[in-house]
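Trainee: Please work out how this folds:
(6 chains)
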Number of protein chains: 4
Amino acid sequence: MSSEKSRSRGRPRDENARQAVLRAAKELLDEHGLGGVTIEAVAARAGVSKPTIYRSWKNSYAVAMAAFLETTETQLPVKASGSAVADLRKHLRKVAEVFTTRTGRSVAAMIAASQSETELAKAFRNHFILASREEGRKILQRALTQKEMRSDIDFDVTLDLIYAPLYFRLLVGHGNLDNAFTDSVLEHALIGLAERPQKKR
Amino acid sequence: MSSEKSRSRGRPRDENARQAVLRAAKELLDEHGLGGVTIEAVAARAGVSKPTIYRSWKNSYAVAMAAFLETTETQLPVKASGSAVADLRKHLRKVAEVFTTRTGRSVAAMIAASQSETELAKAFRNHFILASREEGRKILQRALTQKEMRSDIDFDVTLDLIYAPLYFRLLVGHGNLDNAFTDSVLEHALIGLAERPQKKR
Amino acid sequence: MSSEKSRSRGRPRDENARQAVLRAAKELLDEHGLGGVTIEAVAARAGVSKPTIYRSWKNSYAVAMAAFLETTETQLPVKASGSAVADLRKHLRKVAEVFTTRTGRSVAAMIAASQSETELAKAFRNHFILASREEGRKILQRALTQKEMRSDIDFDVTLDLIYAPLYFRLLVGHGNLDNAFTDSVLEHALIGLAERPQKKR
Amino acid sequence: MSSEKSRSRGRPRDENARQAVLRAAKELLDEHGLGGVTIEAVAARAGVSKPTIYRSWKNSYAVAMAAFLETTETQLPVKASGSAVADLRKHLRKVAEVFTTRTGRSVAAMIAASQSETELAKAFRNHFILASREEGRKILQRALTQKEMRSDIDFDVTLDLIYAPLYFRLLVGHGNLDNAFTDSVLEHALIGLAERPQKKR
DNA sequence: CGGTAAACGAGACGGTACGTCGTGTCTTTGA
DNA sequence: TCAAAGACACGACGTACCGTCTCGTTTACCG
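Mentor: This next block holds a predicted model:
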């Protein structure tokens, strides 16, 4: 229950230092990419000592990740219109658009960094990937109640189906990330690939 | 007529050295991951000098990439049965299975490395990603001629739709990469998400 | 009054490391000559990292020079007897004797190194060459007061005249550096080369 | 006439190559000092391969030495006037003057290089140092016959006495190498340092 | 209100790896 | 059979960051 702040002995962490670090890390991330976020560079730019950084974060990736998560909008919500499918289309367009900016590069870099850092992987997964799918999940829910989608679909698989192609192109860069692409992905996913006797629509 | 490569002047590159380097790099990649493929370690294990490596490759990532591409099967072909859809299901299962092995970790690492190395990105894209989609493309083609799939689908989008979820889970690790998943992805993609008046099946 | 050096911020240099470096450098200098004093070898032998050495010295020559100066006696003093000329003879013999030892090789090497390193040249000049002439200068002074030498001689020129032949033979090696030589040099310098009407002595 | 068999089998050494090498080495020596005379640089500038150089010289110092000796005047003769002492003064002035030019730097560099290369030391000693003393020796001889100098002087010691101070200042740089200095050295050497009962002059 | 514990900056430390340079040798092709 | 071109093993270079460690100083709590 301990409602006490517990306020451990000694001098408290300097909030200014924390923010200076994160600001510096964000700038370096934007300017030079993940590889530019070295502890030394961050320390120098933030006017902070290296131990001060290591006191709060495990390594440079952790700092970069914290800076990224702290300053990046994950949800990209769309105002609900009558058509959930239309909302989803709009949402995916927004996601793709963000992916073409510097933020997209950072997302890719974070995923890359996650490969060798298990803890970061988890952090990024929970605080960015899964978080950013929430909006999609909501829209899917709406689509279901409005009977715009089949009731027996698996949400997790469906979310992968429509988000993964965007991440895939972000990471591999084998094709554009424009509206035409996101629309087409959604269209294919909705109609389905299989030939069927009586076409509709 | 001499279409010969003209055999440039001077001592030719030592093929033994080349192979020793790639073998050492592959071993290090498997044993310690991409981070373990340092030029110094490769040179030491291959019994080769550092300049010899730098003469042929730009940096450690390039060596690792070359070693990976040279020793990894990309196509994962399936014997054509009567049903193209069944073949596709089988193929995706194989891909997912490979992704759960050490090779999968390497694929992820390569994609990660590609983020900061444009040339590598291209090499990996062309020699692995696109190459490995060829089998899928062939099956898709077969599905079309056998009228198992709609004739108006976009191949590139379709390939992204069915492959991307696998890569996504490989990279983000937010869910399993088992048969149930690949089957489900394929099923959803085939049937389509949209509700439709007259249900089939 | 605090004439204190103000104790610059941060962790102070490790005195043990400094000494280990100089000791290692001195050993290498003695064992393999100046060419053997590589930063890598010094670091390895001293159990110190390369950056630690570079933090304190500009390059390998600077380390060798420091090690040499720190461990080499420069003055070679002689107890004053009644005759300043006799003292000078004794002193020059001592210098020549040292020049035939390992220390002599080092002196030569240092002069050689000084050719390409201006800063080192200055250091060596001030801390070895000029310092080692001080004993000669003192004796000269004594010779003057005792009227053993002409009062109108130029000290700097005189010092060059009697020391230079020793350095010359050290560096060029065209003749012995024994007592006969130093005595002869001194004798010639004292009496003078010129023929004169009435000979003395 | 060229039916001579001497023409040892195969392709003869290319005399042009030899000269190109020496010319390149001399240029590099003048431009960047001895440290600039690397085999690679010489080969590149001379348009010659490295093995071609190694076929004729042991290492870079040998090349530099050869280039230096081939292009440098050693004797610096003076026209004999009535006074040998005057001639000697003039000669020493010329030596000192040369020592203040680029050639002087090269002489110093060669002496420096000689410290670690025994063969070079010998070559330089014989072909430069001793050669350049020949003029002094001749003048000394003349001085003797003209009774300008004492008949019992030791030539080798005397030569060291008057040349060494010049080399000393060249190498250590603790004082000027001007006419005042050379004249003063000679004057001191001639008159002698010792006080004597009856002053002359 | 004075101790004391912990944070702070500065910066040196042992390490690891980097990518480059020059060495002297060796191997091929071409003249 | 030589020369050019250039690859080779070797070894050292000087630099960049890493993550850890002293330092001396500052801040805030607690007794």
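Trainee: From here on, just use CA atoms for contacts and neighbour counts.
Mentor: Fine.
Trainee: Flag the shaky bits of chain A, pLDDT-wise.
Mentor: For chain A, residues meeting the criterion pLDDT under 70 lie at A:1-8, A:197-201.
Trainee: which residues touch the closest residue to residue A:71 other than its chain neighbours?
Mentor: Nearest non-adjacent residue to residue A:71, counting by C-alpha to C-alpha, 6 or more residues apart in numbering or on different chains: residue A:26, 7.9 Å away. With contact set as C-alpha atoms under 8 Å, 6 or more residues apart in numbering or on different chains, residue A:26 has these partners: A:64, A:67, A:68, A:71.
Trainee: what's the burial count for the second one?
Mentor: Pointing back at residue A:67 there. 20 (other C-alpha atoms under 10 Å in any protein chain shown).
Trainee: Secondary structure element holding it?
Mentor: helix A:60-71 (DSSP states H and E).
Trainee: export that helix as PDB, just CAs?
Mentor: What follows is helix A:60-71, C-alpha atoms only, in PDB (Å, rounded to 0.1, in the frame of the first residue of the first chain):
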ATOM      1  CA  SER A  60      22.900   3.700 -26.100                       C
ATOM      2  CA  TYR A  61      20.100   1.800 -27.600                       C
ATOM      3  CA  ALA A  62      18.000   2.100 -24.500                       C
ATOM      4  CA  VAL A  63      18.600   5.900 -24.500                       C
ATOM      5  CA  ALA A  64      17.600   6.100 -28.200                       C
ATOM      6  CA  MET A  65      14.600   4.000 -27.600                       C
ATOM      7  CA  ALA A  66      13.400   6.100 -24.700                       C
ATOM      8  CA  ALA A  67      14.000   9.300 -26.600                       C
ATOM      9  CA  PHE A  68      12.100   7.800 -29.500                       C
ATOM     10  CA  LEU A  69       9.100   6.500 -27.500                       C
ATOM     11  CA  GLU A  70       8.900   9.700 -25.500                       C
ATOM     12  CA  THR A  71       8.600  11.900 -28.600                       C
END
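Trainee: helices or strands up against it?
Mentor: Packing contacts for helix A:60-71, counted by 3 or more C-alpha pairs under 8 Å, 6 or more residues apart in numbering or on different chains; DSSP states H and E, involve helix A:15-32, helix A:102-114, helix A:118-124.
Trainee: quick one: which of these is nearest residue D:124?
Mentor: Distance to residue D:124, taken as C-alpha to C-alpha, is lowest for helix A:15-32 among the helices and strands packed on helix A:60-71, at 55.2 Å.
Trainee: Return the member of the contacts of residue A:26 nearest to residue C:51.
Mentor: residue A:64 (27.1 Å).
Trainee: The closest one contacts residue A:24, correct?
Mentor: No - at 9.5 Å, residue A:64 does not count as touching residue A:24 under the criterion of C-alpha atoms under 8 Å.
Trainee: distance of the residue nearest to residue A:71 from chain B?
Mentor: 17 Å (C-alpha to the nearest C-alpha, to the nearest Å).
Trainee: Could you do residue A:66 as well?
Mentor: Counting by C-alpha to the nearest C-alpha - residue A:66 and chain B are separated by 18 Å.
Trainee: Give me the phi and psi angles of residue A:56.
Mentor: phi -100, psi -20 (degrees, to the nearest 10).
Trainee: That one: neighbouring residues, count only.
Mentor: Under the neighbour criterion other C-alpha under 10 Å, residue A:56 is assigned a count of 12.
Trainee: What of residue A:81?
Mentor: 9.
Trainee: Tell me which helix or strand the residue lying closest to it once chain neighbours are set aside sits in.
Mentor: Take residue A:81 and drop its neighbours on the chain: the residue closest to it by C-alpha to C-alpha, 6+ apart is residue A:87, 6.5 Å away. Using DSSP H and E, residue A:87 sits within helix A:84-99.
Trainee: and that helix with helix A:102-114, angle?
Mentor: 80 degrees (axes from the mean of the first three to the mean of the last three C-alpha atoms, to 10 degrees).
Trainee: Buried residues, helix A:84-99. List them.
Mentor: Buried positions in helix A:84-99, judged by neighbour count with 16 or more other C-alpha atoms under 10 Å in any protein chain shown: A:84-85, A:87-99.
Trainee: Kindly report the same for stretch A:55-73.
Mentor: A:60, A:61, A:62, A:63, A:64, A:65, A:66, A:67, A:68, A:69.
Trainee: could the residues you listed be laid out in JSON lines, adding distance to residue D:182?
Mentor: Shown next, in JSON lines, are these (distance: C-alpha to C-alpha, whole Å):
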{"residue": "A:60", "distance to residue D:182": "66"}
{"residue": "A:61", "distance to residue D:182": "69"}
{"residue": "A:62", "distance to residue D:182": "71"}
{"residue": "A:63", "distance to residue D:182": "69"}
{"residue": "A:64", "distance to residue D:182": "69"}
{"residue": "A:65", "distance to residue D:182": "73"}
{"residue": "A:66", "distance to residue D:182": "74"}
{"residue": "A:67", "distance to residue D:182": "72"}
{"residue": "A:68", "distance to residue D:182": "74"}
{"residue": "A:69", "distance to residue D:182": "77"}
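Trainee: And those, which is closest to residue C:195?
Mentor: For these, the nearest to residue C:195 is residue A:60 (83.1 Å; C-alpha to C-alpha).
Trainee: Would you check that the closest one makes contact with residue A:35?
Mentor: No - using C-alpha under 8 Å, residue A:60 is not in contact with residue A:35, being 9.3 Å away.
Trainee: residues contacting residue A:35?
Mentor: Applying C-alpha under 8 Å, 6+ apart, the residues near residue A:35 are A:29, B:116.
Trainee: For residue A:53, give me its contacts.
Mentor: A:21, A:39, A:43.
Trainee: roughly how far out does stretch A:71-83 sit from the chain middle?
Mentor: 13 Å (C-alpha atoms, centre = their mean, to the nearest Å).
Trainee: With stretch A:76-85 instead?
Mentor: 19 Å.
Trainee: Centre-most residue in chain A?
Mentor: In chain A, the residue lying closest to the centroid (C-alpha atoms, centre = their mean) is residue A:128, at 3.7 Å.
Trainee: Contact partners for it?
Mentor: Neighbours of residue A:128 in contact, by C-alpha under 8 Å, 6+ apart: A:69, A:74.
Trainee: my read is it is in a helix, agree?
Mentor: Yes - counting by DSSP: H, G, I helix; E, B strand; the rest coil, residue A:128 is found in a helix.
Trainee: re earlier: what's the helix holding residue A:87 packed up against?
Mentor: helix A:102-114, helix A:130-145, helix A:155-172, helix A:179-191.
Trainee: what helix or strand does residue A:13 sit in?
Mentor: Counting by DSSP H and E, residue A:13 is part of no helix or strand.
Trainee: for it, what are its contacts?
Mentor: Per C-alpha under 8 Å, 6+ apart, neighbours of residue A:13: none.
Trainee: so how far is DNA strand E from the closest residue to chain C within chain A?
Mentor: Closest residue of chain A to chain C, C-alpha to the nearest C-alpha: residue A:49 (10.6 Å). Note on residue A:49: its distance to DNA strand E, by C-alpha to the nearest atom of the strand, to the nearest Å, is 4 Å.
Trainee: Which of the helices or strands spans the spatially closest residue to that residue that is not a sequence neighbour?
Mentor: Leaving aside its chain neighbours, residue A:49 sits nearest to residue A:43 (5.5 Å; criterion: C-alpha to C-alpha, 6+ apart). For residue A:43, the enclosing helix or strand under DSSP H and E is helix A:39-46.
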